[in-house]
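Colleague: Got a predicted structure here, sequence first:
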Amino acid sequence: MKVTSEYLSALESNFGGKYFFRIPVVQRRLNVASINEGATCETSSDYNKNYGCRNALDGQKTTNSPEWATFRQDVGAWINISLSAARLVTNINLYRRSNNRKEDASRVNVYFSNGGIEGIETPFCSSENGNNILAELDIDPVITDYVITVIADACQETVNVGFREVEIYALV
Ligand SMILES: [Ca+2]
């Protein structure tokens, strides 16, 4: 469009003689824990090579899709997810494992690279919860380049605690 004096006059009449410019600020939430976004992971243990932590970052979270599970660990087990860069993290979702043996965390402590820690209950132990239940962790937004989730309490003792998927949403 050619900006003519007629066009500017029309703008003047439309906007009461005040020009303004609106700069769009588009922020979107992205799951930065995804393998596709360059996230990597380490764990305290894996049940075997079929239950490695990349299963929790693969984007598959329907029932019986790949999971991370520890080798006979419960309290103290951990998964460390390194992000491809420092991000403003706003939300974390944990998906419980598909089996019904309650090999799940009832409470987690989440550690961030700025030194912050959040302790959060999960809804996983309740018997009415189905396989597809997820824990939406209510955290204060934090800039971090890793998220370490430590199992602080479990639904039962001596289990192969783990997660089917972990999502870490950040503003990008
Ligand atoms: Ca998965």
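Modeller: Yep, that arrived.
Colleague: Can you pull up the residues of this structure that come close to the ion?
Modeller: 55, 58, 60, 66, 165 (CB under 5 Å from the ion). From N, CA and C alone the C-beta is placed, and that goes for glycine too.
Colleague: How many neighbouring residues does residue 115 have?
Modeller: Residues contacting residue 115 under the criterion other CB atoms under 10 Å number 8.
Colleague: circling back to that earlier point, now the buried members of the residues of the chain next to the ion.
Modeller: Buried by 16 or more other CB atoms under 10 Å: 55, 58, 66, 165, out of the residues of the chain next to the ion.
Colleague: Residue 81: which of the residues you listed is nearest?
Modeller: The nearest member of these to residue 81, counting by CB to CB, is residue 165 at 11.3 Å.
Colleague: Settle this for me: that closest one is touching residue 60, isn't it.
Modeller: Yes - taking contacts as CB atoms under 8 Å, residue 165 lies within contact range of residue 60: 7.0 Å.
Colleague: Tell me where this structure has helices.
Modeller: 5-14 (DSSP state H).
Colleague: for the longest strand anywhere in it, packing partners?
Modeller: Longest strand in the chain by number of residues (criterion: DSSP state E): strand 78-95. Applying 3 or more CB pairs under 8 Å, 6 or more residues apart in numbering; DSSP states H and E, we find strand 78-95 packed against strand 40-43, strand 105-112, strand 134-137, strand 142-154, strand 162-163, strand 165-171.
Colleague: check contacts around residue 39.
Modeller: Counting by CB atoms under 8 Å, 6 or more residues apart in numbering, residue 39 touches 32, 33, 57, 81, 82, 83, 84, 168.
Colleague: Mark which of the residues you listed are buried, thanks.
Modeller: 32, 33, 57, 81, 83, 168.
Colleague: Return the member of those residues nearest to the ion.
Modeller: The closest of these to the ion turns out to be residue 57 (CB to the ion; 7.4 Å).
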